[in-house]
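# Following is a predicted model, sequence given first.
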Number of protein chains: 2
Amino acid sequence: MGISEFDLIREFCQGATRVRADVLLGIGDDAALLRCSPGRELVMTLDTLVAGRHFLPDADPQSLGHKALAVNLSDLAAMGAEPAWALLSLTLPRADSAWLAGFMAGFSRLADAHEVQLVGGDTCSGPLAISVQLTGFVEPGTALLRSGASVGDLVYLSGAVGDAALALQLHGRGEPIAAQQQRRLDRPEPRLQLGRRLRGLASAAIDVSDGLLADLGHLCSASGVAAEIDCAALPLSPATAAWIGRDGDWSLALAGGDDYELCFTLPPSRGEALERELRGLDVAVHCIGRIGAGQGVSAILPDGSRYTGVQTGWDHFR
Amino acid sequence: MGISEFDLIREFCQGATRVRADVLLGIGDDAALLRCSPGRELVMTLDTLVAGRHFLPDADPQSLGHKALAVNLSDLAAMGAEPAWALLSLTLPRADSAWLAGFMAGFSRLADAHEVQLVGGDTCSGPLAISVQLTGFVEPGTALLRSGASVGDLVYLSGAVGDAALALQLHGRGEPIAAQQQRRLDRPEPRLQLGRRLRGLASAAIDVSDGLLADLGHLCSASGVAAEIDCAALPLSPATAAWIGRDGDWSLALAGGDDYELCFTLPPSRGEALERELRGLDVAVHCIGRIGAGQGVSAILPDGSRYTGVQTGWDHFR
């Protein structure tokens, strides 16, 4: 392929159309130059997706472009932040214009939807991997942290869990995957609107990427508390509910990973305020449990027994 | 190996000791939380190093930790920026505590020397690769850009070029490599002090990572000018000068890459001001050529002929 690194970078520019007033200098110099809004704090995250680990090597490039940005947007959603600037580093086995066009279409569409501008990055050849760094803003002192949960707080979850893991299960068995599950795996919708509305309301928040038990466990650990989940209250799609109903294994919902929903805690006194804030939101939110004293997370199954399956969640060195 | 992703992240925390007052929340939540100094612009870069492409797979981990940060610091030096916060994403074939301890020692030592704090990132398993994202500051309107060179400006270069490329050449031939060349390849010293002093003085600047001709070419292209280099004026180490003297091939110095020196342009009227600014600096600076009208970069060899070798520089899809 005759395409060079610099041609690739030029293609990035064209693919990413959004122009923000706070970008003084985007792609094309040694670094990007940006104006920080006075009186706001910066929120920064960096995530890498590796072929064969986070996605199948033959994954649709458009979905990959979406997902590489979505997992970072999800981190900012969990902080209650408003996203602004992205840097992208692409390692590709070869310069493939069609693949790149698809990737940038998926990336740019999601970036535009959230007013994110791609301001720099690099490309090189090697085993397929994608790093996205994302910066956003939050008003001083309003960031949602993992560490604020207190005994007695209620635990909430957005959307539903288990669909992405169900899609992976079905793929592994060579069984057909319904469009809804495939979409949940390939094109997670970061809950930015919800995260923004939770500022000043939720006592703690985290995004569910490694599995509900594992991520709620991180929140509990940071807050010095324990949590109990009522599985009967867990929001599930009909397909995931049917799968769990068939073999009685709740691992899909509790330890599946790749959900990119928000899990947050709320003092019970703020229940009505939450109801008001959620009006007109694009995603449902359910109360799924309660914070208690101690440590760790337990899940009570609908028959009253305690879930004893995998609890460690997705560990990239497992 | 029993080490988990979260253990690795905790090791990062311990390895990186520097604590900056503008870091409100570092490693451990969904994202880092940072305070932006009022009245300063942000400068951001992201670079990935891939095993077998940017470094040998058996490279010393301590040198790799140094170099992964150094290449990003070099980008900020070329903008005249002061570095502040780093995010690190590590993809490792396996969780190897000894490798990681070495890597973090090299990374942290350079970070501490430049008052950089590691504030977040991630780890996953896969083919060895390292992404570092670095953010720094610059006073409004003072960033050094590639685009400001004018006809008649002089071209300057810091340090010397060709040593890293010489080390790679010798390695490829299985010949012994002197400590100086090995060090220039493994542990480049980013020219941050020089970059800061050039603000308000240099008309344009770039860091030399892909080879002098290629990078000066980017500067000329961004500025809409041409450049002519006088090879007799090029700063070379004795070893590189001897190599070139032996076979007459100037490619090492002109197209070698991995030098991480600064190349900048200066109106001749500012020559004395430059002399003053350079007093006490840790690196020498030499005038190596002049900006002219037109486009492209030509290099005049000591015998008066024009260099006609490789001019495209390091292209990661070559």
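That came through fine.

# Which secondary structure elements does the helix or strand hosting A:D122 sit against?
Assigned by DSSP states H and E, A:D122 belongs to strand A:117-125. Strand A:117-125 is packed against helix A:5-15, strand A:32-35, strand A:82-92, helix A:97-113, strand B:41-50, with contacts defined by 3 or more CB pairs under 8 Å, 6 or more residues apart in numbering or on different chains; DSSP states H and E. Where you see a C-beta, it was placed from the backbone N, CA and C, and this is true even at glycine.

# What angle do helix A:97-113 and it make with each other?
160 degrees (axes from the mean of the first three to the mean of the last three CA atoms, to 10 degrees).

# packing partners for the following helix or strand past strand A:117-125?
Next along the chain after strand A:117-125, taking DSSP H and E as the criterion, comes strand A:129-138. Strand A:129-138 sits against strand A:41-50, helix A:61-78, strand A:82-92, strand B:41-50, strand B:82-92, strand B:129-138, with contacts defined as 3+ CB pairs under 8 Å, 6+ apart.

# which helices and strands does the fifth one pack with?
Counting by 3+ CB pairs under 8 Å, 6+ apart, the packing neighbours recorded for strand B:82-92 are strand A:41-50, strand A:129-138, strand B:32-35, helix B:61-78, helix B:97-113, strand B:117-125, strand B:129-138, helix B:192-198.

# if we can go back for a sec, the helices and strands packed on strand A:129-138: which one's closest to A:L170?
helix A:61-78 (16.4 Å; CB to CB).

# So is that closest one next to chain B?
Yes: residues of helix A:61-78 contacting chain B under CB under 8 Å from any CB of the partner chain: A:75-76, A:78.

# Turn the residues you listed into a markdown table, including neighbour count and pLDDT.
Output for the residues of helix A:61-78 next to chain B, formatted as a markdown table (neighbours: other CB atoms under 10 Å in any protein chain shown; pLDDT from 0 to 100):
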| residue | neighbour count | pLDDT |
| --- | --- | --- |
| A:D75 | 29 | 97 |
| A:L76 | 30 | 98 |
| A:A78 | 37 | 98 |
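
# Return the member of those residues nearest to A:V119.
A:L76 (15.6 Å).

# Near the residue lying closest to the closest one once chain neighbours are set aside, how many residues? Count them for me, please.
Leaving aside its sequence neighbours, A:L76 sits nearest to A:G136 (CB to CB, 6 or more residues apart in numbering or on different chains; 4.5 Å). Here the number of neighbours of A:G136 (other CB atoms under 10 Å in any protein chain shown) works out to 28.

# I'd guessed A:G136 sits against A:G80; true?
No: with contacts counted by CB atoms under 8 Å, A:G136 stays clear of A:G80, the gap being 9.5 Å.

# picking up where we left off before, distance to B:A241 added to the helices and strands packed on strand A:117-125, as a markdown table?
Shown next, in a markdown table, are the helices and strands packed on strand A:117-125 (distance: least, CB to CB, whole Å):
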| stretch | distance to B:A241 |
| --- | --- |
| helix A:5-15 | 30 |
| strand A:32-35 | 37 |
| strand A:82-92 | 36 |
| helix A:97-113 | 42 |
| strand B:41-50 | 29 |
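
# quick one: which of those is nearest B:L168?
strand B:41-50 (14.6 Å).

# Give me the helices and strands touching that closest one, please.
Strand B:41-50 packs on strand A:32-35, strand A:82-92, strand A:117-125, strand A:129-138, helix B:61-78, strand B:129-138, going by 3+ CB pairs under 8 Å, 6+ apart.

# so can I have TSV of these showing distance to B:S251?
Output for the helices and strands packed on strand B:41-50, formatted as TSV (distance: least, CB to CB, whole Å):
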stretch	distance to B:S251
strand A:32-35	32
strand A:82-92	27
strand A:117-125	21
strand A:129-138	31
helix B:61-78	21
strand B:129-138	28
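
# who wins for proximity to B:L168 among these?
helix B:61-78 (13.3 Å).

# need the residues of the stretch 101-250 of chain A near chain B, please.
So the stretch 101-250 of chain A meets chain B at A:119-127, A:129, A:131, A:133, A:135-136, A:138, A:143, A:145-147, A:205-207, A:222 (CB under 8 Å from any CB).

# Which residues does the host helix or strand of A:I206 contact?
Secondary structure from DSSP H and E places A:I206 in strand A:204-208. Contacts to strand A:204-208, defined as CB atoms under 8 Å, 6 or more residues apart in numbering or on different chains, come from residues A:74-75, A:77-80, A:144-149, A:153, A:157, A:161, A:190-191, A:195, A:198, A:215-216, A:218-219, A:222-223, A:259-265, B:30.

# Buried subset of these, written for PyMOL?
A single PyMOL command selects the buried members of the contacts of strand A:204-208 (16 or more other CB atoms under 10 Å in any protein chain shown):
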select buried, (chain A and resi 74+75+77+78+79+80+144+145+146+148+149+153+157+161+190+191+195+198+215+216+218+219+222+223+259+260+261+262+263+264+265) or (chain B and resi 30)
